[in-house]
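1. Okay, here's the prediction I keep looking at, along with the sequence it came from:
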Amino acid sequence: DDEELLTQLFQYRFGTAAGLGGHSLGNLLITALAEITGSFEEGVAESARVLAIRGRVLPSTLHDVRLVADVFNPAEGAVVVKGESEIPKVSGRIRRVWLEPNNPLAYPPALQAILSAELIVVGPGSLFTSILPNLLVHDLAAALRSSRAVKLYVCNVANEPGETDGFHCADYLRVLEQHVGNRLFDLVLCNNRFEGRLPEGVEWVRFDPQMSGLYAAVLADEQQGWRHHSTKLARTIMDLFYERTGPLNRQVTAED
């Protein structure tokens, strides 16, 4: 029920003094459940049941992969950084990310879910360390491209220090297309409300009104302006979906 507290709990990382080497509580829970149930996919499914999550959580792949980044800064040049949690710590501009091994097979139920979906929403989230790692699973990206669903990309409200400093909305799309290919989404959603105070070191994601495929709307939370307002974002997404699928779909799903 307390989504914000649950998010903080799952993302909480133990300090080295605790003997857990900076691991997150969420990762430890899933690891423990995977060992108890005997498989990673069952561990993910059990974690959803333990936390009473609505919907399904499906891994993009069951293979053991590591995220690697090419980071550049003028002082040191290009540096190769391995590990999702290590990448934002390195000073510089992330030029490219990839998986090692670089061609893991996608999880079949995830492919089936994408191909049978009516609406696919990608984002918001950390561009290089959360969104892209899933799309770098080639079969999954191919399924997303082949899907007949309405496909939306939700751009972040604020840039993430260490990952997307100085990025505009078009930069997010550019990075996605450089890694995965063009014309993956029907629309890119971007916030157009820039009010209130931001945490130190955090900046708004600006946008060019002439950007192709852009849909701008008031999506930011009034109290925490660097985050999306969940209700506003959900309503905007569903309005765009109904606009493309017609009034019949709206009538059938009105109770939802």
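-> Looks like it arrived, so ask away.
2. what ranges do the helices span in the stretch 51-200 of the chain?
-> Secondary structure of the stretch 51-200 of the chain (DSSP state H, counting those that start in this stretch): helices at 108-116, 132-135, 138-146, 169-180.
3. and D239, which of those is closest to it?
-> Nearest to D239 among those is helix 169-180 (19.5 Å), distances taken as C-beta to C-beta. Heads up, the C-betas are built off the backbone N, CA and C, glycines and all.
4. Give me the contacts around the closest one.
-> Helix 169-180 is contacted from outside by 96-97, 127-128, 131-132, 135-136, 141, 153, 155-156, 164, 184-185, 188, 190, 205-208, 211, 213-214, using C-beta atoms under 8 Å, 6 or more residues apart in numbering.
5. And it, what's buried?
-> Across helix 169-180, burial judged by 16 or more other C-beta atoms under 10 Å covers C169, A170, D171, Y172, L173, V175, L176, H179, V180.
6. try stretch 154-165
-> V154, C155, N156, V157, A158, N159, E160, G162, E163, T164.
7. Name the nearest of these relative to N102.
-> Closest to N102, out of all of the buried residues of stretch 154-165 and judged by C-beta to C-beta, is E163, at 21.1 Å.
8. quick one, phi/psi of the closest one?
-> The phi/psi pair for E163 (degrees, to the nearest 10) reads phi -120, psi -50.
9. contacting residues around it?
-> By C-beta under 8 Å, 6+ apart, the contact list for E163 reads I87, P88, I94, S126, L127, F128, T129.
10. ok, the buried residues of helix 169-180 vs E195, which is closest?
-> Distances from E195 to these, taken by C-beta to C-beta, are shortest for C169, at 17.4 Å.
11. Model confidence score at the closest residue to that closest one other than its chain neighbours, please.
-> Leaving aside its sequence neighbours, C169 sits nearest to F207 (C-beta to C-beta, 6 or more residues apart in numbering; 3.8 Å). For F207, the model assigns a pLDDT of 94.
12. So F207 sits against F194, correct?
-> No. Applying C-beta atoms under 8 Å, one finds F207 not in contact with F194, separated by 10.2 Å.
13. Looking at those two, which is more packed in?
-> Taking other C-beta atoms under 10 Å, F207 and F194 do not tie; F207 has more neighbours (19 against 14).
14. All good on my end, thank you.
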